[in-house]
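Enquirer: using only what follows, build the 3D model:
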Amino acid sequence: MNKYHKWLLIASGVAAALLAGAVALMIFSAMQTDAQGKLAAAQSQVEDLRVQLKHSGDTIQLLDDQLHATKAAGAPAGMQYLGSFMCTAYCCEHYAHICGTGDGITATGTEATPGRTVAADWDVLPPGSIVYIVGVGIRTVEDRGSAVQGKQLDVAVALHSEALTWAGYGPHDVYLIEAAQ
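Expert: Presented below is the predicted three-dimensional model:
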């Protein structure tokens, strides 16, 4: 092989390496662009959830303010004031522990869901009743417990640690939005 062929072979190898590098760079760039697009979409979804959460909090605060303002004159239209209930919290974690059996299934057969489920004494609030707990929000009676008696509610939260440190422990005014059918 002469000197010319050697340089041609080396040049071909370098060109192939450069071409492979360029292709890899294009693939990486496309993957990076795709990842950036997915990241931007995820960030947008997180921001949308933050806005919804803020609006939800604002709505609860607005309703709380309206209820406090109208309490002396009676319950707002369509709502019946039930009185002050002692509120506690239990978690929906799926393992047997002090909060329950750990299967996540309520006494009505639904899955205990934070932000929806509340346990009550069914002689006071039958299953299916929808209540508004001032400072907590709207909940549906889907569960009961041996320790939940009289004017007491046990609010479902996500985590056991959250149930132990829940800021809502104590008395809350409760309104009946819809009686059980």
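
Enquirer: all helices for this structure, in order.
Expert: For the chain, the helices defined by DSSP state H occupy 3-70, 160-165.

Enquirer: longest strand in the protein, please.
Expert: Across the chain, the strand with the greatest residue count (assigned by DSSP state E) is strand 80-91.

Enquirer: on that earlier part again, lowest average pLDDT across the helices of the chain?
Expert: Between those, the one with the least mean pLDDT is helix 3-70; it has a mean of 64.

Enquirer: domain assignment for the protein?
Expert: What automatic domain parsing lists as the domains of the chain is 1-74, 77-178.

Enquirer: what's stretch 104-120 in contact with?
Expert: Residues from elsewhere that reach stretch 104-120 (CB atoms under 8 Å, 6 or more residues apart in numbering): 90, 92-94, 127-129, 131, 133, 137, 139-145, 148, 152-158. Any C-beta I mention is one placed from the backbone N, CA and C, and that applies to glycine too.

Enquirer: give me the number of residues near the residue nearest to residue 144 when sequence neighbours are not counted?
Expert: Spatial nearest neighbour of residue 144, excluding adjacent residues (CB to CB, 6 or more residues apart in numbering): residue 107 at 4.9 Å. Neighbour count of residue 107, defined by other CB atoms under 10 Å: 14.

Enquirer: can you check the pLDDT for residue 107?
Expert: So residue 107 comes in at 89 (pLDDT).

Enquirer: quick one: it and residue 181, what's the gap?
Expert: Separation of residue 107 from residue 181 (CB to CB, to the nearest Å): 17 Å.

Enquirer: how about residue 80?
Expert: 16 Å.

Enquirer: what about these two, which has more around it?
Expert: Higher neighbour count among residue 80 and residue 181: residue 80, with 14 against 6, using other CB under 10 Å.

Enquirer: kind regards, and thank you for your time.
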